[in-house]
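K.L.:
With the sequence up front, the predicted model follows.
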Amino acid sequence: MRGRLVLRKLGWALVTLVVVATFNFMLFRVLPGDPAKAGLRDPRLNQEAVEAARIRFGLDKPVFVNLEGGSPFDSQFFRYIGSLAEGDLGTSYAFNNRAVSDLLGRALVNTIWLVLPAQILAIVLGVVMGLVAAWKRGTAIDVGSLLFALFMWALPTFFLAILLLFFGGRWLGLPTGGRVTLGATYESGWEQAVDILRHLLLPTIGFALVLIGEYLLVMRSSVMEVFGEDYIQTAKAKGLSTIQIIRKHAFRNAMLPIVTLIALNLGFTVSGAIQVETVFSWPGLGKLTVDAVSQRDYPVLQGTFLLLAVAVIVANLIAELVYLRLDPRVTEV
Amino acid sequence: MRTRTAMTVMLAGLMVVGACGTQGETETTAGDGATTTTGGGTETTAAPAGGSTVRIGYAGAPADFNPGVGVLAEDYIFYDLTYDTPIGLDFEGNFIPELATDWSVSADGLTWTMTIRDGVTFHDGSPLTAADVAYSISLYRDTADFPFLPTYASHFVTVEAPDPTTVVLTTEAPLAAFEAQMVPMYVLPSAIWEGVDAATFTNEEMIGSGPFKLAEHSQDEFVRLEANQDYWNGAPNVGEVIFQTYTNSDARVQALINGDIDMITEFPATAIPSLRNTANVAVADGNYPGGRLADIMFDMIDPANCPTAEGGVCTGHPALRDVTVRQALAHAVDKQQLIDQVLLGLGEPGLGLVPTSLGNWFASELVPEDYAFDLDLAAQMLEDAGYVDTDGDGIRECPTDECGPTGDLTFRLNYPTDNDEHPRVADTLSGWWGEIGVAVQIQGLDSDTLTSVCCPTFDYDVILWSWNSGIDPDLLDVLNCDSIPSGYSETGHCDPEYDALQQAQAIETDPAARREMIVELQRMALEQVPYIIPWYYPRIQAYRTDRFTGWPDQSPILQLEDPLSLTVISPAG
Amino acid sequence: MTVWRKLLRHRLGAVGLAMLAVAVLVAIFAAVIAPYDPYENVRVSIDDIYQSPSPQHLLGTDDAGKDVFSGLVYGARVSLLVGFAGAFISLIVGGVIGLVAGFKGGRLGNGLMRFTDFFLVIPELALQIVIVAIIGQSLRNIILVIGLLGWTTSARLVRAQTLSVRARKFVERARAVGASDLYILRRHIFPQVVPLMLANAVLTISLAILAESTLAFIGLGDPTVISWGQMLNFAFTRGAVSAGAWWALVAPGLAIVWVVLGVTLLGNALEDLLNPRRGRHFLEPEPAMPAEETVGPAAERGAPAVLAVQDLAVEFVVAGARMRAVDGTTFSVRKGEALGLVGESGSGKTTAMLAALRLLPPGGEVVGGSVLLGGQNVFALTADELRDVRWTRMAMVFQGAMNALNPVRTVEDQIVEAISLHDPDLSKSAAQERAAHLLEVMGIDADRGSEYPHQFSGGMRQRAMIALALACDPDVIVADEPTTALDVMIQAQILELLKKLQRELGMALVLITHDLGVVAESCDRVVVMYGGIVAEQGTVEEVYSDPQHPYTKLLMEAFPDMEDPDRPLVSIPGLPPRLDRLPPGCRFAPRCPAAFDRCQVERPPSYVLSPGREASCFLLESRQVVGV
């Protein structure tokens, strides 16, 4: 029963993926502007080069269905889908001759570098603070946490990042960009670790603080909900202490919505990454997206969107599987 | 070419490719086609390249290491550092020998002969000969996929290397600016390039003969170069150069203040006061190589010239075809005020398409003839020409009925959104023009959309944009009639007399006669006002004085990331 | 109107409303408030740029030498416009899609929801950036993009709400009688969905404002208008950080925070008010116990009472008002005895037993009396002592076994937990063995102990719950409505089991129920509660055959008599008393057919009619036995 559930989920993920890929393709054809001139936008550039580029990127082909003779599938759309099926995301317009998958791969690694510590920090802090706030409902601790969370939620990510850049850079002399001190020689691994941490500090804090708010709020209301459940009363009646009840009965149940949130939040995380990476010159996916937009680099954008879609789909799938493990009740959704 | 703040699309031929030169140069001459120059000479002894690393903060990142396909300014930074070209350019704007120790032209002006330096080697140790030079020029000429370089190499009908130190080039017509064509001809090792598809070759190793070698690269993050210890002109004094990307200008400035980096290639003028107040930091200002200018352009195309076959729709406001209107608008722009407000007083008032940084080519004698800021005069000119506000809405109407239902002098005003000064300029312009009864509808567009409404569509009224000029005053040909269909002409300006003069100057090899023609072209443009040029951009860079000394920041052209700079600085202390 | 008043009473909500109101007023009266017109062209010099705050420029000047404060004031207009207009579009689009998906259901509804799901997968900001960059960054376009891409949340919410309303009885009835869709939507769905959308709308506004500022920051704002995001963009790209001009950054940033925070507080408050979450919270600290030791010797009737409730009084604090839910209740149960605690809902029977284990829900407070468990006053115990007493002295089978067991832990695990907790020396395997044994006693195959509660049928769950209650061999088991929601067959089984266990193990049993039949079958004694007091108590035979209190009498008449099935059933007229409006005299007086003047003003005490038999009615005053 559960096996079939997993299969069905996988099937849906696949369908979603195909729809997203098609949507991506259409989005970038419907939008105005000639992608052939992307990156080669200068009116003075060699006309032959523009033509050559059009042919190289297949832009001379019909968009959806080839009715001009030859195979009907010899169109931009089917070529795109065909190469996608082969795992080929195409070639960047702006970064000439570079495979989109290559660009995406590097950017993804860098973004994970940034997002992972921030997410972990935000989840741990948000969950703990939300738990304590719910436990101490109505006290100063709770109101304080609530206001903190709402304030963080209201804070635009980029604004927080700028503030950190301003104060962290000016007063603490922390690095304002990059992942490591370039050209530095380290005397020990420890020194290298410190250097990496110094670079990570500002962007990670910025990212984590913005994420904390939501985790805290969700955890707080989730815990509050669980605390009102009958089985908590049962546990209390059994003679368990508050700490035991939280540990053995409340925590796991309250974590369920957080699991979903983490997956759902991936989209939100991307928008945060765009902002934080822009401020801290972090060569990740967010920055790649912004750059690709300004260069009208459609293959890179298509690839980015697809990658993010896959990430969200996979994250949701994982969340559902985790959910399946955490909550024995789930047999269908 | 059009410039963009974040990702400057560079047109190779138009930009000055500062090539590496030596301080021991015996003589250099200005770029007038017919002179023979001898160069070479004593070499400075290179300081032992210790572990000294110059860290440079810049805004972008290179996209291509293949000199043929590069379009970004950041690409050219690295071509310049890793490749040599036959002829270079110094910070005074003079052509200097680089791989070519001398060059001369035949009496009929159709055959050029260059002597190639002996004993130069590529980074991989193989020798660089005249055959590599000839191969490279031919490659740039013959590869249609290359966006820019074919334009410069296409003058040469034949390119041959009769012996290892001689290159002979022939042209169909005399060539006024031979040296300028040679400046971007990066010499590639033919042994490597012959075996690859030049149009798609990624060139990850960048084997050249320049003073620096590509060592490591991480997209959008950094590029690390090592000094070429075997450089023919002596190894640089520094061991390594790292270019680190800081997208955000404030982050860049702060990194310089914190000492994380040693030099920054650009930053907002607003940071100048705080940088000047920072210990061990120096701020330098000068010109862009070739020069960079802001422009206000008008859609003045005659419907008869509308390039409909190329997608032209020519919807420009009819009143803008009236030279009096354009002149009146020119009187209603206070250039110095714009410079104060937008550039914090740095930068020079503009005149025409040839900026002051082109030295001799700049028509200084026309400066007094420029349109003085005089709103009353501007209003009077419009009044006299029949543009009167008849319906009392504060906006003047056309005397004829071709200006739409209301007849108002209401112009669309567009600008590229990737530039942070244009919104401020648009705002200010709408104030001045409003005072003389001209309304504007302001809308920022991304560069691509702007290009598509601009040219050759001519679906706009007024656009604010900017150009990077080349080292030769060839930007003047954007006003040619035959530039209209290709989309190179943005204004639709068309005057057969202008075209004729333009063609004549291109083959005029006598510098004095050519200058006269170029000044005349500028005079014609000034009178017709296809463009108002509000200012020439200043270039500001800053560096730390406690890390390296000897930065050449006093010359007219400021280019601290150029090989000419990076080969002369030495570690401080 | 009431929502307004409630909102103003909701402290955070009122603060949020005030914050938003300030922003709206500033936007409306921008021209009056701002000392300078930021849209006006002024001649500036280099010295005007990034001036620090001064009397002329309260918040300094920006990169163009313009007054930051004035920009802030005018910026409120654009930011709020985008917020409201964007949210409006989102709500309309999302509302319609959600309504259709929820109301129509079926293929169309599913299809629409799948469509909505696809949008979840595409990062919103990235999509906004792409579209705005390409279609042009005018204010109108920005509003459209934010509005049209932000509808998914509303759609989900509205769909969920519509679905739940649609499934309700009154809607199904309306459908059955052939009401048109439009009529149902208007009369039934909208009134339920619209309040919810209001709270959602408020949050959507804050999202739209954030989205606008983010777009502006990335350089995709409408550069011709002044918004806070645009101000931040100018400051950020034109060197405010390196110029040290914190005012140009902090001021617009905090303005965004101000509005978004205000709107969020307001939205949260609205959600609290319109969609109140359950207020229960079982882990709140307990209020202080009554200080006085009122342990008097309970009326002894043979064997010692294992549980003696003496003059117990419990109050609830709801919205500031105190209500007395249990008022001077006294009863006891002896070893091996089964006591039925009957009464209508709200009569205080469950509350009294929860109080006995100090398990009152939040707001509940013991204000007087005592409870003796095996001679120990429960209210005088320390927290540690209390935990030891729980489950060992008295265990409870809570109402609704579905929720009383933790759904994510196996049944056996939950039983073992109780055993090990109170007998830490017992090995794990021994505890498991005991748990398996208990399950078997309850007629559950021991193998099934490793299953989760949801895998059990209702009756099995109830039996498992009883097995759990037996875990520590308690002196008293309290079973709260153990048979509600079970079918008749199972009911009988469970009751049979309980009775059997109680006899075999010699435990005392307290059966809380409103079902007189259950009591008649399973109990020795019965306590009839009404409005927080004991109306009557005695043995089952006594009370059933000869009820004394008018309430009990009416109850008995309402109860089908097995021996005389033809007797007409009488239902008691009127409603049980509301705890916040208790009558001053006898609680039952308003409904009592025999009430007289005294009943209206004075509370009858409990008259002892014979040992163990008491009733609280003035009519019985003369029959009380004194000195027993």
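P.N.:
Looks like it came in fine. Quantities reported herein were computed from a predicted structural model and do not represent experimental measurements.

K.L.:
OK, contacts around the residue in the stretch 201-333 of chain A that chain B sits nearest to?
P.N.:
Closest approach between the stretch 201-333 of chain A and chain B, counting by Cβ to the nearest Cβ: residue A:283, at 3.7 Å. To be clear about C-beta, it is placed using only N, CA and C from the backbone, and glycine gets the same treatment. With contact set as Cβ atoms under 8 Å, 6 or more residues apart in numbering or on different chains, residue A:283 has these partners: A:106-107, A:110, A:179, A:277, B:61, B:218-221, B:245.

K.L.:
Specify the local secondary structure of residue C:372.
P.N.:
Following DSSP: H, G, I helix; E, B strand; the rest coil, we place residue C:372 in the strand state.

K.L.:
and it, how many neighbours?
P.N.:
23 (other Cβ atoms under 10 Å in any protein chain shown).

K.L.:
now swap in residue C:27 and tell me
P.N.:
Count around residue C:27 with other Cβ under 10 Å applied: 19.

K.L.:
I figured residue C:209 hits residue C:81, correct?
P.N.:
No: Residue C:209 is beyond contact range of residue C:81, at 9.8 Å (criterion: Cβ atoms under 8 Å).

K.L.:
of the two, who's got more company?
P.N.:
Neighbour tally, residue C:209 and residue C:81, criterion other Cβ under 10 Å: the higher count belongs to residue C:209, 30 against 18.

K.L.:
Please report how far the more buried one lies from residue C:153.
P.N.:
Between residue C:209 and residue C:153 the computed distance is 15 Å (Cβ to Cβ, to the nearest Å).

K.L.:
just residue C:202 next, same as before
P.N.:
Taking Cβ to Cβ as the measure, residue C:202 falls 12 Å from residue C:153.

K.L.:
of the two, who's got more company?
P.N.:
Higher neighbour count among residue C:202 and residue C:153: residue C:202, with 23 against 18, using other Cβ under 10 Å.

K.L.:
pLDDT score for the residue lying closest to the more buried one once chain neighbours are set aside?
P.N.:
The spatially closest residue to residue C:202, leaving aside those adjacent along the chain, is residue C:267, at 3.6 Å (Cβ to Cβ, 6 or more residues apart in numbering or on different chains). Residue C:267 is assigned 83 on the pLDDT scale.

K.L.:
quick one, what contacts the nearest residue to the residue of the stretch 201-333 of chain A closest to chain B once chain neighbours are set aside?
P.N.:
In space, and not counting its chain neighbours, residue A:283 is closest to residue B:220: 3.7 Å by Cβ to Cβ, 6+ apart. Residues in contact with residue B:220, defined by Cβ under 8 Å, 6+ apart, are A:107, A:283, A:287-288, A:291, B:61, B:245.

K.L.:
all strands of the stretch 151-300 of chain B, in order?
P.N.:
B:156-163, B:166-171, B:212-218, B:222-227, B:240-245, B:263-264, B:281-286, B:292-298 (DSSP state E, counting those that start in this stretch).

K.L.:
Tell me which residues of the last one come out buried.
P.N.:
With burial defined by 16 or more other Cβ atoms under 10 Å in any protein chain shown, the residues of strand B:292-298 counted as buried are B:292-298.

K.L.:
count of neighbours near residue B:161?
P.N.:
Neighbours around residue B:161, by other Cβ under 10 Å: 21.

K.L.:
again, but for residue B:184
P.N.:
29.

K.L.:
measure it to residue B:89 for me?
P.N.:
10 Å.

K.L.:
Can you tell me the number of residues neighbouring the closest residue to residue C:208 other than its chain neighbours?
P.N.:
For residue C:208, ignoring the flanking residues on the chain, the nearest one in space by Cβ to Cβ, 6+ apart is residue C:86 at 3.4 Å. Here the number of neighbours of residue C:86 (other Cβ under 10 Å) works out to 26.
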